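*Asks:* Below is the structure, and that's it, no one-letter string:
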């Protein structure tokens, strides 16, 4: 792999890691509230389709981002109502949300394609222009690092901003510390006067919104406004595993998303004349690494890097 090809590979790695980062950050904030939501894939699908529809009908990229965010919030609201208010099983509810979101997205996407006279739905470049890589003038022209650091979509920079802001929120603010207390021991937090259900609802909804933006990125940036069936392709599941890889730390999630982004792009940058590996092997590589991450993390992990103690367990206030 030549140097120019290597730079292109790193650039593609960043592009591929952004939607995974959104899903991971969304799941981190949800799990910090003491809830395990396996519906990341479904919320990303909801964000992808409703963001796509908004861009197509309203002809506005920022309206698409808002629509995708709200679609993710809606999916998270369904999950929160069932698990926080009705005390439904969190694992089953999350899995059901994934099935629901995937089905809704594929159904609406196919309906749009069937109603199109050309059999496909593609959003015009002029509408997508605000989401295209920014040109920062002299910074973009800097050799090597100009392309890698200063030539990305606004959604890429917003993902990095969210990771930094979330890290500061969880570790440096009173509300963030309250949230962490709820994730570890909701009964103790409740006894301290913290409104447990309110905290859970707000952070679950925000996490769902981030997942929805990840879906918008896939449909409008990764696929350049060309709707495809099964467009998320398991990235939500990778995000769930990446939460463990990142030890529930937002800044580590940035590095982890780059690792999994590199794995998904690897097959496009290894010359077949050097090593001829079937494409299906590369397609399964991110999921193989995901399994290894889960295996290693379950064997050896420090207490401070483990899942919040109350995560996945419904809180019954009358039992405290």
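*Replies:* Received the coordinates, thanks. All figures in this text were calculated on a predicted structure; none of them were measured in a lab.
*Asks:* so how many other residues sit close to residue 195?
*Replies:* Residue 195 has 13 neighbours, counted by other CB atoms under 10 Å. All C-beta spots, glycine's among them, are computed from the backbone N, C-alpha and C.
*Asks:* gap between it and residue 248?
*Replies:* Residue 195 is 22 Å from residue 248, where distance means CB to CB, to the nearest Å.
*Asks:* Thought residue 172 was touching residue 164, still the case?
*Replies:* No - contact criterion CB atoms under 8 Å: residue 164 and residue 172 do not qualify, at 11.1 Å.
*Asks:* So between those two, which is more surrounded?
*Replies:* Neighbours were counted for residue 164 and for residue 172 using other CB under 10 Å; residue 164 has more, 12 against 9.
*Asks:* End to end on stretch 123-143, go ahead and measure it.
*Replies:* Stretch 123-143 has an end-to-end distance of 32 Å (CA to CA, to the nearest Å).
*Asks:* Quick one: mean pLDDT for that stretch?
*Replies:* The predicted model gives stretch 123-143 an average pLDDT of 90.
*Asks:* Equivalent analysis for stretch 189-207, please.
*Replies:* Rounded mean pLDDT across stretch 189-207 is 96.
*Asks:* Give me the buried positions along that stretch.
*Replies:* For stretch 189-207, the neighbour count (16 or more other CB atoms under 10 Å) marks 189-190, 194, 196, 199-207 as buried.
*Asks:* gap between that stretch and the chain center?
*Replies:* Here stretch 189-207 is found 22 Å from its chain centre; the criterion is CA atoms, centre = their mean, to the nearest Å.
*Asks:* which residue sits closest to residue 286, ignoring its sequence neighbours?
*Replies:* residue 263 (4.5 Å; CB to CB, 6 or more residues apart in numbering).
*Asks:* tell me which element the one you found falls in.
*Replies:* helix 250-265 (DSSP states H and E).
*Asks:* Quick check: what element follows that helix along the chain?
*Replies:* helix 279-299.
*Asks:* For that next one, buried residues please.
*Replies:* Quick answer for helix 279-299 (16+ other CB under 10 Å): 282, 285-286, 289-290, 293, 297.
*Asks:* Now do stretch 69-89: everything it contacts.
*Replies:* 26, 30, 35, 37, 39, 42-44, 46-47, 49-51, 90, 93-94, 97, 100-101, 197, 200-201, 204-213, 215-216, 314, 316 (CB atoms under 8 Å, 6 or more residues apart in numbering).
*Asks:* Now do the helices in the stretch 1-150 of the chain.
*Replies:* 3-32, 40-58, 61-80, 90-115, 125-128, 138-141, 145-149 (DSSP state H, counting those that start in this stretch).
*Asks:* Quick one: closest of the ones you listed to residue 259.
*Replies:* Set against residue 259 and scored by CB to CB, the helices of the stretch 1-150 of the chain come closest in helix 3-32, at 8.0 Å.
*Asks:* what angle sits between that closest one and helix 61-80?
*Replies:* Interaxial angle, helix 3-32 versus helix 61-80 (axes from the mean of the first three to the mean of the last three CA atoms, to 10 degrees): 40 degrees.
*Asks:* Pull out the buried residues from helix 3-32.
*Replies:* 8-32.
*Asks:* Check which helices and strands it is in contact with.
*Replies:* helix 40-58, helix 145-149, helix 154-172, helix 174-184, helix 196-217, helix 235-245, helix 250-265 (3 or more CB pairs under 8 Å, 6 or more residues apart in numbering; DSSP states H and E).
*Asks:* List the residues that contact residue 290.
*Replies:* Contacts of residue 290 (CB under 8 Å, 6+ apart): 237-238, 241-242, 260.
*Asks:* now residue 22, nearest residue through space, not along the chain?
*Replies:* residue 214 (3.0 Å).
*Asks:* I meant to write residue 297 there.
*Replies:* Nearest one to residue 297, counting by CB to CB, 6+ apart, is residue 244 at 4.9 Å.
*Asks:* Name the spans of this structure whose pLDDT lies under the cut-off.
*Replies:* Scanning the chain for pLDDT under 70 picks out the ranges 1, 272-276, 279, 300-305, 318-320.
*Asks:* Dead centre of it: give me the residue that sits there.
*Replies:* Among the residues of the chain, the one closest to the centroid is residue 23, at 1.4 Å (CA atoms, centre = their mean).
*Asks:* That one is in contact with residue 213, isn't it?
*Replies:* No - if you go by CB under 8 Å, residue 23 and residue 213 don't touch, sitting 9.4 Å apart.
*Asks:* picking up where we left off before, please indicate which of the contacts of stretch 69-89 are buried?
*Replies:* 26, 30, 35, 37, 39, 42-44, 46-47, 49-51, 90, 93-94, 97, 100-101, 200-201, 204-213, 215-216.
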